[in-house]
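J.: structure, please.
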Amino acid sequence: MPAPSPAAKTERLLNLVICLLYTRQPLSKARIRSAVPQYGEAVSDEAFDRMFERDKDELRELGIPLKTEPVDAYFDDEPGYRIDQREYALPEISFEADELAVLGLASRTWQQASLGGPAAQAMRKLQAQDIERDTASVLALEPRVNTSEPAFDAVKNAVVQRQPIRFSYRKRGAQGEARRVQPWAITSWHGHWYLTGHDLDREAPRVFRLSRVEGKVAREGKAASYDVPTDHDPVEMIAGTQDERAPQTARLRARVGAGNTLRRRALRVADDGSWSELEVEFRDAEVLANEIAAFGPAVVALEPQGLVERVVRRLVAVRDLHQAAR
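T.: Numbering: from 1, shown residues only. Modelled structure (predicted):
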């Protein structure tokens, strides 16, 4: 039997962690096998035992506190397994006010995320077996990434599977042209998503901004048909290709006590009752618009007009999403 792909192994380990975090009582191997879909696919009991033993060792090597305890307190003939939530949890941490605001925004995103596919199936099976659950322990195991680039999913999948792709790419101020690429990494940098990889036609490494990919992304060739350079640093590669744009100054209004990240780097701050007027230097209007929109009604863009329009567009999109959800 061929070895599972890294993605399949990661998914199996994640499902096992979810399974063992989701219970306050030790689980027997039989229950774990029925709850984790990949274990149920094992061809024999011996194959499952080998897989489970390897996975236990790997979790412990990763520092996950996997405990072995009797399933029944009065009989110690059957071992059970669970993850000690007290050891798994982070120690108490303190944050500044603006850092707490960012964490609060992130937590709302994570709480709305859903555990998909086999992970959700594992939870349903545990619930059906009347196992005492602790749902709060797994709320943040799978944050959802929202992107506006239509090409994101196809490019991400090609990166994971190491499969060449073909797409039309439009440079700034130019028409789209066909590109054939071996994708290496997909990375968020300064508010935009980028693909790094090897351009097969130019026979050289290249960086592509996903928002400039036009139409569908087509796969070419077989998966795992090339290797990503071991010393590849996508952030360094992306930063080295960015042209330096002349700085501009934005004029903003922020409620007193809000917009601390903007205040810290403001060129000028003028308080006016319950509001402050800020002057902030920026190079990328898209990045600054994202930051301003994250403060909601507490920060208002006044100028330049292009920045104002970008902020308004983001706030309208958020409003429309909430209306659609209701």
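
J.: where does the record place the domain boundaries for the chain?
T.: 6-138, 152-239, 248-325 (automatic domain parsing).

J.: present the ones you listed as TSV; the columns should include mean pLDDT and mean neighbour count.
T.: C-betas here are computed from N, CA, C, even on glycine. Below are these laid out as TSV (pLDDT from 0 to 100; neighbours: other CB atoms under 10 Å):
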stretch	mean pLDDT	mean neighbour count
domain 6-138	69	14
domain 152-239	89	16
domain 248-325	89	15
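
J.: what secondary structure does the closest residue to R263 other than its chain neighbours sit in?
T.: Once flanking residues are discounted, R263 sits nearest to V269: 6.1 Å by CB to CB, 6 or more residues apart in numbering. Per DSSP: H, G, I helix; E, B strand; the rest coil, the local secondary structure of V269 is strand.

J.: residues in contact with V269?
T.: By CB atoms under 8 Å, 6 or more residues apart in numbering, the residues touching V269 are R263, S276, E277, L278.

J.: beta partners of it?
T.: V269 forms beta bridges with L278, as assigned by DSSP bridges.

J.: returning to what we had before: distance to S168 added to the contacts of V269, as a markdown table?
T.: Listed next are the contacts of V269 as a markdown table, based on distance: CB to CB, whole Å:
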| residue | distance to S168 |
| --- | --- |
| R263 | 42 |
| S276 | 46 |
| E277 | 44 |
| L278 | 40 |
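
J.: quick one: the strands in the chain?
T.: Counting by DSSP state E, the chain has strands at residues 66-72, 75-83, 165-170, 176-189, 192-199, 204-209, 213-219, 248-255, 268-272, 275-282, 299-303.

J.: tell me which strands the longest one pairs with, and in which orientation.
T.: Spelled out, that is strand 176-189. Strand 176-189 is paired, per DSSP bridges, with strand 165-170 (antiparallel), strand 192-199 (antiparallel).

J.: could you give the angle of the first one to strand 213-219?
T.: It stands for strand 165-170. 170 degrees (axes from the mean of the first three to the mean of the last three CA atoms, to 10 degrees).

J.: one more: the longest one?
T.: Taking the same axes, to 10 degrees, strand 192-199 and strand 213-219 form an angle of 50 degrees between their directions.

J.: now do strand 192-199: distance to the chain's middle.
T.: 17 Å (CA atoms, centre = their mean, to the nearest Å).

J.: still on that earlier bit, return the closest of the contacts of V269 with respect to V235.
T.: Closest to V235 out of these is R263 (27.0 Å), distances taken as CB to CB.

J.: the closest one touches S276, doesn't it?
T.: Yes. Here R263 reaches S276: they are 7.4 Å apart, a contact under CB atoms under 8 Å.

J.: what is in contact with the two at once?
T.: In contact with both R263 and S276: A254, V269, using CB under 8 Å, 6+ apart.

J.: wait, N290 sits on R314?
T.: Yes. Using CB under 8 Å, N290 is in contact with R314, at 7.0 Å.

J.: quick check, pLDDT for P2.
T.: Model confidence at P2, given as pLDDT, is 53.

J.: going forward, count from 11.
T.: OK, 11 is where the count begins now, so the last one is P12.

J.: residues in contact with P174?
T.: Counting by CB under 8 Å, 6+ apart, P174 has contacts A168, R190, V191, Q192, P193, L210, R229, E230, G231, S235, Y236.

J.: got the strands paired with strand 186-199 as CSV, with distance to D65 columns?
T.: Shown next, in CSV, are the strands paired with strand 186-199 (distance: least, CB to CB, whole Å):
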stretch, distance to D65
strand 175-180, 32
strand 202-209, 32
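
J.: relative to P75, which of those strands is closest?
T.: Comparing the strands paired with strand 186-199 by CB to CB, strand 202-209 comes nearest, at 35.0 Å.

J.: can you redo the strands of the chain as JSON lines with distance to E63?
T.: Listed next are the strands of the chain as JSON lines, based on distance: least, CB to CB, whole Å:
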{"stretch": "strand 76-82", "distance to E63": "12"}
{"stretch": "strand 85-93", "distance to E63": "11"}
{"stretch": "strand 175-180", "distance to E63": "38"}
{"stretch": "strand 186-199", "distance to E63": "33"}
{"stretch": "strand 202-209", "distance to E63": "37"}
{"stretch": "strand 214-219", "distance to E63": "41"}
{"stretch": "strand 223-229", "distance to E63": "36"}
{"stretch": "strand 258-265", "distance to E63": "57"}
{"stretch": "strand 278-282", "distance to E63": "61"}
{"stretch": "strand 285-292", "distance to E63": "54"}
{"stretch": "strand 309-313", "distance to E63": "54"}
